[in-house]
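Visitor: kindly return the folded structure for what I paste below:
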Amino acid sequence: MNSKAEQYDVIRKPVITEKATMASENNAVVFEVAIEANKPQIKEAVESLFNVKVKAVNTTITKGKVKRFKGQLGKRKDIKKAYVTLEEGNTIDVSTGL
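Guide: Numbering: from 1, shown residues only. All right, here's what the predicted structure looks like:
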């Protein structure tokens, strides 16, 4: 995997929540990633797109909630998040946009 388009398919968007902000104090950044992406793909994509060194990648899959849409039962999509820990001295500012 080497093209930028493929790497942008792996990394969907940064997650900006209170928990993600607390993780950034420990030199970690949280991204929503493709559900089929694995840790080496995520590491390679982050390193090449943001020119940083990645120390570790932890992933979690949040199951979609069952909700009612106009009276019909429906299910939200499952979401995969990647907690990317960066090496010392590396930073990614997700608040300014990509």
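
Visitor: neighbours of the closest residue to Asp9 other than its chain neighbours, how many?
Guide: Nearest residue to Asp9, sequence neighbours excluded (Cβ to Cβ, 6 or more residues apart in numbering): Ala34, at 6.1 Å. Heads up, the C-betas are built off the backbone N, CA and C, glycines and all. Per other Cβ atoms under 10 Å, the neighbour tally for Ala34 reads 15.

Visitor: residue contacts, Ala34?
Guide: Taking Cβ atoms under 8 Å, 6 or more residues apart in numbering, we find Ala34 in contact with 9-10, 12, 80.

Visitor: most neighbours among these, which one?
Guide: For the contacts of Ala34, the largest neighbour count, defined by other Cβ under 10 Å, is 21 neighbours, found at Val10.

Visitor: show me the contacts of Ala34 that map onto strands.
Guide: In this view, the contacts of Ala34 that belong to strands under DSSP state E are 12, 80.

Visitor: between the contacts of Ala34, which sits nearest Gly74?
Guide: Proximity of the contacts of Ala34 to Gly74 (Cβ to Cβ) peaks at Lys80, which lies at 20.0 Å.

Visitor: list the contacts for that closest one?
Guide: 32-35, 37, 59-62 are the contacts of Lys80 under Cβ under 8 Å, 6+ apart.

Visitor: quick check, Thr62 in contact with Asp78.
Guide: Yes. Counting by Cβ atoms under 8 Å, Thr62 touches Asp78, with 6.8 Å between them.

Visitor: hmm, back to that, turn the contacts of Lys80 into a markdown table, including distance to Val84, pLDDT and secondary structure.
Guide: Compiled in a markdown table, the contacts of Lys80 are given as follows (distance: Cβ to Cβ, whole Å; pLDDT from 0 to 100; DSSP: H, G, I helix; E, B strand; the rest coil):
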| residue | distance to Val84 | pLDDT | secondary structure |
| --- | --- | --- | --- |
| Glu32 | 12 | 95 | strand |
| Val33 | 9 | 95 | strand |
| Ala34 | 14 | 94 | coil |
| Ile35 | 17 | 95 | coil |
| Ala37 | 12 | 93 | coil |
| Thr59 | 10 | 96 | strand |
| Thr60 | 12 | 96 | strand |
| Ile61 | 16 | 96 | strand |
| Thr62 | 17 | 94 | strand |
